[in-house]
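# Structure for the following, please:
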Amino acid sequence: MIELTKDNFDREVTEAEGRVLVDFWSPGCGPCRAMEPVLASVASRHPDVKFAKMNAAKNPDVAWAFNAVSVPTLVLFEDGRPIADLTGAVPAQRIDELLSATGKGKSAEER
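Next up is the predicted model:
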């Protein structure tokens, strides 16, 4: 999982081609810590998606820019644009469903 900072966020996310799932988290957040193994499991099943995480406590302006006002929040980007999000600790199945429903190449009607 890629560690995001203000310095690399645009390069890794908003200027990236393809899909990037960003986990906005905070070190003092228990549900955020619980999501770490869930995201690792999901990442192993979706090699076409780049997984990244950003400490929202250290980068609140970036988190707020993408409506990540509560942690954990997952924001899915496609070709640099946010297309979906999930807030709170969610099971792996829900993330798998999100990634399958928003697969690259699907039309807006199919999503």
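# going forward, measure contacts between C-alpha atoms and count neighbours the same way
Will do.
# could you give the mean pLDDT of stretch 97-111?
Throughout stretch 97-111, pLDDT has a mean value of 65.
# Please disregard the earlier target; I meant stretch 45-56.
Per-residue scores along stretch 45-56 average to 97.
# Could you list the low-pLDDT ranges of this protein?
104-111 (pLDDT under 70).
# Show me where it has its helices.
For the chain, helices defined by DSSP state H occupy the ranges 9, 30-45, 60-65, 92-101.
# Out of those, indicate the one that is most buried.
Neighbour counts (mean count of other CA atoms under 10 Å) averaged over each of the helices of the chain peak at helix 9, with a mean of 18.
# In contact with residue 38, which residues are there?
By CA atoms under 8 Å, 6 or more residues apart in numbering, the contact set of residue 38 is 91-92.
# between the helices of the chain, which one is nearest to residue 24?
helix 60-65 (6.7 Å; CA to CA).
# Pipe the helices of the chain into TSV and attach distance to residue 76 per row.
Below are these laid out as TSV (distance: least, CA to CA, whole Å):
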stretch	distance to residue 76
helix 9	14
helix 30-45	13
helix 60-65	13
helix 92-101	8
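# Any idea which of those helices gets closest to residue 18?
helix 92-101 (12.1 Å).
# now the closest one and helix 30-45, what's the angle there?
Helix 92-101 and helix 30-45 are oriented at 50 degrees to each other (axes from the mean of the first three to the mean of the last three CA atoms, to 10 degrees).
# Which elements pack onto helix 92-101?
Under the contact criterion of 3 or more CA pairs under 8 Å, 6 or more residues apart in numbering; DSSP states H and E, helix 92-101 touches helix 30-45.
# Return the alpha-carbon coordinates of the helix it packs on using PDB.
Backbone C-alpha positions of helix 30-45 (Å, rounded to 0.1, in the frame of the first residue of the first chain) are rendered in PDB as follows:
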ATOM      1  CA  GLY A  30      -9.500   1.900  16.100                       C
ATOM      2  CA  PRO A  31     -11.800   1.200  13.100                       C
ATOM      3  CA  CYS A  32      -9.000   2.500  10.900                       C
ATOM      4  CA  ARG A  33      -6.600   0.000  12.300                       C
ATOM      5  CA  ALA A  34      -9.100  -2.800  11.900                       C
ATOM      6  CA  MET A  35      -9.400  -1.900   8.200                       C
ATOM      7  CA  GLU A  36      -5.700  -2.600   7.500                       C
ATOM      8  CA  PRO A  37      -5.900  -6.400   7.100                       C
ATOM      9  CA  VAL A  38      -9.200  -6.000   5.300                       C
ATOM     10  CA  LEU A  39      -7.700  -3.700   2.700                       C
ATOM     11  CA  ALA A  40      -4.600  -6.000   2.400                       C
ATOM     12  CA  SER A  41      -7.000  -8.900   1.600                       C
ATOM     13  CA  VAL A  42      -9.000  -6.900  -0.900                       C
ATOM     14  CA  ALA A  43      -5.800  -5.600  -2.600                       C
ATOM     15  CA  SER A  44      -4.600  -9.200  -3.200                       C
ATOM     16  CA  ARG A  45      -7.800  -9.900  -5.200                       C
END
